[in-house]
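# Using only what follows, build the 3D model:
(one chain, ligands or ions: 3)
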Amino acid sequence: MPILIRGGIVVNHDHSRPADVLVDGGTITAVGRKLDAPKGAEVIEADGCFVLPGGIDPHTHLEMPFMGTTSADDFESGTKAALSGGTTMVVDFCLPGSGQSLLAAYQEWRHKSEKAACDYGFHMAVTWWDKPVFDEMETVVKTYGINTFKHFLAYKGALMVNDDELFASFGRCAGLGALPLVHAENGDVVFRLQQHYIDIGVTGPEGHSYSRPPEVEAEATNRAIMIADMAGSQLYVVHTSSREAHEAIARARAAGKRVYGEPLIQHLVLDDREYQNKDWDYAAGRVMSPPFRDKSNQDSLWAGLAAGSLQVVATDHCAFTVAQKRMGLGDFRKIPNGTGGLEDRMPVLWAAGVNTGRLTKEEFVAVTSANIARILNVYPRKGAVAVGSDADLVVWDPGATKTVTARKQLSRIEYNVFEGHECRGLPIVTLSGGRIAWAEGQVRAEKGDGRYVARDPFPAAAVANATWKELTRPRAVQRLEVTP
Ligand SMILES: NC(=O)NCCC(=O)O
Ligand SMILES: [Zn+2]
Ligand SMILES: [Zn+2]
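Ligands and ions are numbered 1, 2, ... in the order given. Below you'll find the model as predicted:
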């Protein structure tokens, strides 16, 4: 059935204007003034509201096996939570075990994701390296529609890869027109620091934060940037949390390197005092990597979003229950790393960003959908309110308010790291694939409504990097022959 959203202000990343939006058959069919409602159309009145492209969260871990357990939100609860917060697409990670085929991991994640209520895609993680991985990367890109590969520089002994593997994989990504992603923390140093804090008797959640200082992130970010440059590839740095890491990205971009940075909503509004809380469960519930930083880092991240040196705000949604977190009682190294955020990202970012003047509403759209759609090569199908784009839309009421509380959330865990945050500016209707997926405080989308979004490779950046490298490469000096 067609749906007409009438009387709102359409906000895209590059402009806003008063316009009605007509959707039919899953796509946007018209954007303009005073559109007529076709016969039988449902009309949504949007006076006083903004009409935004649905949010895209490029970093989630739903039903992820990790640190001896599995994250609590699966593709059903996670995507329903997403829709209630205005997010209409998530990009999750296929994580092959050591020695496991990438293709087998893809099949596993496709199976889990059949429950998704909103659209989704995948990144493929490179967790080990050998010829089969090199070979299968081509199938992952060309057959499975995954154009991004994730690399962990942390989690020594589990997901971590070394520099040799990184260089090889980044080069392979460039050759395939794919984008490498990196979790940038120096896993060797973290390992040593963890042992140090345990040895001196710091066993609580604060030890997690002490053993992952900004320096381990800055070093790994710099290293990944330089390795990507030498391999001729672009680079996307996930969960950029510190000033030093942001500065490494900004410096690289100023030097002409194609590097992107992704702060999380958690790092933008929460700080490391959370780990000093006397309540063990409270502090453990905030354990994630990188950890929350001291407040001075937040100004740098906000500035980066406004200046364009950081492009995307994600959640890294990886939620664990209180019981799961308690696996680390007596040893912070065993607390499963991760926090939730899928339903809170857009409202909390609007409140802390747009309401304070740190972001314009167009910048809000850029960092919550349009930029990531462009980086992942799904723009303008996603990330735009435009004719022909998918009808993933949010009717956003800038005057609507709520106080975040775990009691009302759709995520399966018992707490919320944003508990008590006051939000002004909320989604009141979310459309996904042309259907009302969330309205009047209720999820209407069903388990399985989400579609898999395949993404084409995009070799332009790798070709440009290779062209420049060929032009500027070291060459042998031509000399006159020396007669012996
Ligand atoms: N971030 C986190 O603590 N957990 C999820 C896995 C990862 O992204 O590192
Ligand atoms: Zn990570
Ligand atoms: Zn993650």
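# same question for stretch 352-363, mean pLDDT?
Per-residue pLDDT over stretch 352-363 has a mean of 98.
# export that stretch as CSV, just CAs?
Output in CSV follows, covering the C-alpha atoms of stretch 352-363 (Å, rounded to 0.1, in the frame of the first residue of the first chain):
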residue,chain,number,x,y,z
ALA,A,352,23.9,15.8,22.7
GLY,A,353,24.7,16.9,19.1
VAL,A,354,21.9,18.8,17.4
ASN,A,355,20.3,20.3,20.5
THR,A,356,23.6,21.7,21.7
GLY,A,357,24.7,23.1,18.3
ARG,A,358,27.6,20.7,17.9
LEU,A,359,25.9,19.2,14.8
THR,A,360,23.5,20.6,12.3
LYS,A,361,20.5,18.4,11.4
GLU,A,362,22.1,17.8,8.0
GLU,A,363,25.4,16.7,9.7
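# What lies in contact with that stretch?
Contacts of stretch 352-363 from elsewhere in the structure, counted by Cβ atoms under 8 Å, 6 or more residues apart in numbering, are 11-16, 50, 268-269, 302, 305-306, 349, 364, 367, 398, 424-425. C-beta coordinates here come from the backbone N, C-alpha and C atoms, glycine included.
# Show me the residues you listed that map onto helices.
268-269, 302, 305-306, 349, 364 (DSSP state H).
# Just the buried residues of the contacts of stretch 352-363.
A residue is treated as buried here by neighbour count (16 or more other Cβ atoms under 10 Å); on that basis the buried members of these are 11-13, 16, 50, 268-269, 302, 305, 349, 364, 367, 425.
# what about stretch 108-125, near ligand 1?
No - legend: contact between stretch 108-125 and ligand 1 by Cβ under 6 Å from any ligand atom is lacking; minimum distance shown is 9.9 Å.
# Next: stretch 292-305.
No - for stretch 292-305 and ligand 1, the contact criterion (Cβ under 6 Å from any ligand atom) is not met; the two come no nearer than 11.0 Å.
# thinking in terms of the whole chain, how far from its middle is that stretch?
Centre-to-centre, stretch 292-305 and its host chain are 17 Å apart (Cα atoms, centre = their mean, to the nearest Å).
# For it, the averaged confidence score.
For stretch 292-305, mean pLDDT rounds to 97.
# Touching it from outside, list them.
Outside stretch 292-305, the residues that touch it by Cβ under 8 Å, 6+ apart are 209, 214, 240-243, 246-247, 249-250, 261, 263, 266-272, 274-275, 286, 310-311, 313, 353, 358-359, 363, 367.
# Which ones among those residues map onto strands?
Gly261 (DSSP state E).
# Would you verify that Ile436 is located in a helix?
No - Ile436: not assigned to a helix; according to DSSP: H, G, I helix; E, B strand; the rest coil it is strand.
# Give me the nearest residue to it, chain neighbours excluded.
The shortest distance from Ile436 to any non-neighbouring residue, by Cβ to Cβ, 6 or more residues apart in numbering, is to Arg444 (5.4 Å).
# Thr70 pairs with what?
Taking DSSP bridges as the rule, Thr70 bridges to Pro65.
# hang on, it packs against Glu63?
Yes - with contact defined as Cβ atoms under 8 Å, Thr70 reaches Glu63; the gap is 6.0 Å.
# With distance to Asp392 added, can I get the buried ones among the contacts of stretch 352-363 in a markdown table?
Listed next are the buried ones among the contacts of stretch 352-363 as a markdown table, based on distance: Cβ to Cβ, whole Å:
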| residue | distance to Asp392 |
| --- | --- |
| Val11 | 14 |
| Asn12 | 13 |
| His13 | 15 |
| Ser16 | 18 |
| Phe50 | 15 |
| Leu268 | 24 |
| Val269 | 25 |
| Trp302 | 26 |
| Leu305 | 22 |
| Leu349 | 18 |
| Phe364 | 16 |
| Val367 | 17 |
| Gly425 | 19 |
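# for those, which one is nearest Pro96?
Minimum separation from Pro96 among the buried ones among the contacts of stretch 352-363 (Cβ to Cβ) is found for Val367, which lies at 30.1 Å.
# Now do the same for that closest one: its pLDDT.
Looking at Val367, its pLDDT is 98.
# Many thanks, have a good one.
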